[in-house]
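S.K.: Pasted the sequence and its predicted model underneath.
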Amino acid sequence: MPTPNHAPSFDLTGRVALVTGSSTGLGKAMALALGSAGARVAMNYYNNEARAQAALDEFKSHGYEGVMLRANVIDEGSVDALVSGVEKALGPVDILIPNATPDQPHSPIEEYDWSFYQSMLDFFIKSPYLLTRRVLPHMKQQRWGRLINIGSEVFERGVPNFSAYVAAKGGQNGWMRSMAGELAPFNITCNMISPGWIPVERHEKDAQKDKDEYRALIPMDRWGLPVDVAGAAVFFASEAASFVTGQTIHVNGGLTVN
């Protein structure tokens, strides 16, 4: 008699994932991890075609199945075209990770104007809303779906001189929690990964003093890596997390303990 497998599966074979902002950094790491777990992955970029092609080449070099699609994820028409492109190339979206992000300068409130606040809200509330609304009909019809938001520890830490980003991430956290309750009857989970400061390409010009000060705060005594965030994404996407919704995993080496 075969030995039963009592461990919940992390195998994503047959699933289609869309990860926005995935030509670099955390987004690329999550796309690679989902591909490694067997998912067909739609990657996304907006600004740098050469960098996006290099990321897709790296993804496919491992034998993973996926595409790279250009889209402005804060524009409704572009989002609709993006999801239609995924459906045509790979099939309907089962796993959605809205990850695209703009620059996030630190400034006192007097140096922010409302247009900058609005840009934060557009990326971290409008974009997840547009993307989710577009992929929900399929998820509801099949009664299975995974919405994985990317938050930030800055919301829990109340980081100063960062009010626009912190406020938008707080709003995204509340939206995620509301969606979790609304979509649970359809077997669609909605969770959040909140990374700490994990140095990726866009941090190359950050001041070394700032990096050293932050690094000294991490209880686990090491920098986080993109693969640390990618592991949390695979968990939330998998059957191992089928009874987990409305939750936030902080991937920051213990810097915030709730």
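M.R.: Now that the structure is in, tell me what you want to look at.
S.K.: all contacts plus neighbour counts: C-alpha atoms, from now on.
M.R.: Fine.
S.K.: Using PDB, write out every CA atom in the helix or strand containing Lys211.
M.R.: Taking DSSP states H and E as the criterion, Lys211 maps to helix 208-215. Provided in PDB are the C-alpha atoms of helix 208-215 (Å, rounded to 0.1, in the frame of the first residue of the first chain):
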ATOM      1  CA  GLN A 208      25.900  53.400   2.900                       C
ATOM      2  CA  LYS A 209      25.300  55.000   6.200                       C
ATOM      3  CA  ASP A 210      21.600  54.400   5.900                       C
ATOM      4  CA  LYS A 211      22.200  50.800   5.000                       C
ATOM      5  CA  ASP A 212      24.600  50.200   7.900                       C
ATOM      6  CA  GLU A 213      22.100  51.700  10.400                       C
ATOM      7  CA  TYR A 214      19.300  49.600   9.200                       C
ATOM      8  CA  ARG A 215      21.400  46.400   9.000                       C
END
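S.K.: Does His250 fall in a helix, a strand, or a coil region?
M.R.: strand (DSSP: H, G, I helix; E, B strand; the rest coil).
S.K.: where's the helix or strand harbouring Arg133 relative to the chain centroid, distance-wise?
M.R.: Assigned by DSSP H and E, Arg133 belongs to helix 127-142. Helix 127-142 sits 15 Å away from the centroid of its parent chain (Cα atoms, centre = their mean, to the nearest Å).
S.K.: One more: stretch 214-229?
M.R.: Going by Cα atoms, centre = their mean, where stretch 214-229 is centred and where its chain is centred differ by 18 Å.
S.K.: ok, and what's touching it?
M.R.: 25-26, 29-30, 33, 193, 195-200, 251-255 (Cα atoms under 8 Å, 6 or more residues apart in numbering).
S.K.: next helix or strand past the helix holding Lys211?
M.R.: Heading C-terminal from helix 208-215 (DSSP H and E), you reach helix 226-237.
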